[in-house]
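Peer 1: Need a 3D model of the sequence below.
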Amino acid sequence: MRIKNNEKSADPTRPNILIILADDLGFSDVGCFGSEIETPNIDSLAREGGIRFTQMYNCARCCPSRASLLTGVYPHQAGVGHMVYDAGVGPAYQGYLRWNVETVAEMLKKEYHCAKESEDTDGDDGESEKRGGYTTFMVGKWHVGSEYPPDASHEWIRNAMGDETHPTPIQRGFDEYYGTLGGGGSYYRPPSLVRGDKVVEEAMPAGFYYTDAINDKACDFIDGMSKSNRKPFFMYVAHCAPHWPLHAPKGEFMLSLAYGILSKLQT
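Peer 2: Numbers count the residues shown, from 1 in each chain. The predicted structure follows:
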């Protein structure tokens, strides 16, 4: 998805890029593909200039799919061939992103110049244009940097994160990060929650819900970039939902329950 920036800094060769990932979501769980679950915002993306694919392939689980999305290679090449534990059978199953495989964030941060193509000729016109040089953000679930047990203490997380087998988003190309390093846990008290390279140790405020927090932080990053008018940005918004546990705010749950009951009565 492309996001327009301030017109003064608009560069058609370097658009702002936003990738949103839903975790373990089946294609038939989305309204525009026939689901009984209401997903109006996603449906509007498909309806208003979006594209609905007729087929799609992923890697069957959350962490290998994320490894491929972040690197553009098969999960075994990226180092996450199965899950995020070291299976002891070589780099393909080491359980964290291989250091010699670049992430999309690392690639986009690099600044370089390439020949500028001319509209009147088949070759270039002798000029060059700037590429890369992106500011990079990530919000949400990482899960490509080895294991973080859901019951791990803050001290354990501080000691593990950032070592050779526990690479963090900040180490792998992202300028700013807010989210969870592990694979799953409470949406009300998310484990392994970090901000930048610091563990979030304070208690969650009243009404905290991880999905909302991810969206709010993403909006904060975008708002900050629109005001700073600096570089183009790349943002990776990696939701945990609907990955287990199936935690939903009470109001949303009751609304869905009522909708389901009415649907059954009508049939």
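Peer 1: Where does A213 fall, secondary structure wise?
Peer 2: If you go by DSSP states H and E, A213 is part of helix 210-228.
Peer 1: what's that helix packed up against?
Peer 2: Judged by 3 or more CB pairs under 8 Å, 6 or more residues apart in numbering; DSSP states H and E, helix 210-228 is in contact with strand 135-140, strand 176-180, strand 233-238. (Each C-beta comes from the backbone N, C-alpha and C, glycine too.)
Peer 1: redo that, cut-off 6 Å
Peer 2: Packed against helix 210-228 by the contact rule (3 or more CB pairs under 6 Å, 6 or more residues apart in numbering; DSSP states H and E) you find strand 135-140.
Peer 1: Just checking: what are the partner strands of the strand it packs on?
Peer 2: Sheet pairing for strand 135-140, assigned by DSSP bridges, gives strand 176-180 (parallel), strand 233-238 (parallel).
Peer 1: out of these, which comes closest to W156?
Peer 2: strand 176-180 (14.4 Å; CB to CB).
Peer 1: After the closest one, which helix or strand is next?
Peer 2: Next in sequence after strand 176-180, counting helices and strands by DSSP H and E, comes strand 193-195.
Peer 1: Identify the residues contacting that next one?
Peer 2: Contact partners of strand 193-195, identified using CB atoms under 6 Å, 6 or more residues apart in numbering, comprise Y178, T180, V200.
Peer 1: what's the closest of those residues to S44?
Peer 2: Distance to S44 across these (CB to CB) is lowest for Y178, with 25.8 Å.
Peer 1: Quick check, pLDDT for that closest one.
Peer 2: Looking at Y178, its pLDDT is 98.
Peer 1: quick one: contacts for the residue minimising distance to the centre of the chain?
Peer 2: With distances taken as CA atoms, centre = their mean, A238 lies nearest the centre of the chain, 2.6 Å away. Neighbour list for A238: L21, G140, K141 [criterion: CB under 6 Å, 6+ apart].
Peer 1: Can you tell me the closest non-neighbouring residue to it?
Peer 2: Spatial nearest neighbour of A238, chain neighbours left out: G140 (3.6 Å); criterion: CB to CB, 6 or more residues apart in numbering.
Peer 1: hey, where'd the helices end up in this protein?
Peer 2: Secondary structure of the chain, counting by DSSP state H: helices at 40-47, 62-71, 75-78, 104-109, 154-160, 210-228, 250-266.
Peer 1: And the average pLDDT for the longest one is what?
Peer 2: With pLDDT averaged residue by residue, helix 210-228 scores 92.
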